[in-house]
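# make a model of this:
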Amino acid sequence: MHALIVLAHPEPRSFNAGLKDVARTALEGQGHRVEVSDLYAEGFNPVEGPEHYRNRESAEVFSPLGEQRHAWNNDSLPADVRREIDRLERAELVILQFPLWWHAQPAILKGWFGAPG
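Below is the predicted model:
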């Protein structure tokens, strides 16, 4: 099995990072492949904006959904978005490891989900 652990915590010595390590060790110990997407360490940019799109559908006005659709159709997604999609496509198990801040996931993970700001 191929597992993907998505870590959304800025501190590499945090409890959440420790839980990621425990999950990775346990899964690898059972013979599974494990890939980690550490959103903070990899500098994932969760803020949507026109600068992400080199081949714009419209230079006049920024329409996120239109630009995303255009980028998908023209195989020109931002590199970090393409990387995360590739990881998800390989995964047979996805573990989301994050703290609850103000009764919700961190903003970086909301951006990873593609939730509108």
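# which parts of the chain are helices?
Counting by DSSP state H, the chain has these helices, from start to end: 15-29, 64-73, 79-90, 107-113.
# what's the most buried one of those?
When the helices of the chain are scored by mean count of other CB atoms under 10 Å, the highest mean neighbour count falls to helix 107-113 (a mean of 17). The C-beta positions use only the backbone N, C-alpha and C, and glycine is treated the same way.
# roughly how far is it from the heart of the chain?
The chain centroid and the centroid of helix 107-113 are separated by 7 Å under CA atoms, centre = their mean, to the nearest Å.
# can you say which of the helices of the chain is nearest to Leu4?
Across the helices of the chain, Leu4 has its closest neighbour in helix 79-90 (5.3 Å, CB to CB).
# list the helices and strands the closest one packs on?
Packing partners of helix 79-90 (3 or more CB pairs under 8 Å, 6 or more residues apart in numbering; DSSP states H and E): strand 2-7, strand 33-38.
# and the ones you listed: which comes nearest Arg90?
Nearest to Arg90 among these is strand 2-7 (5.4 Å), distances taken as CB to CB.
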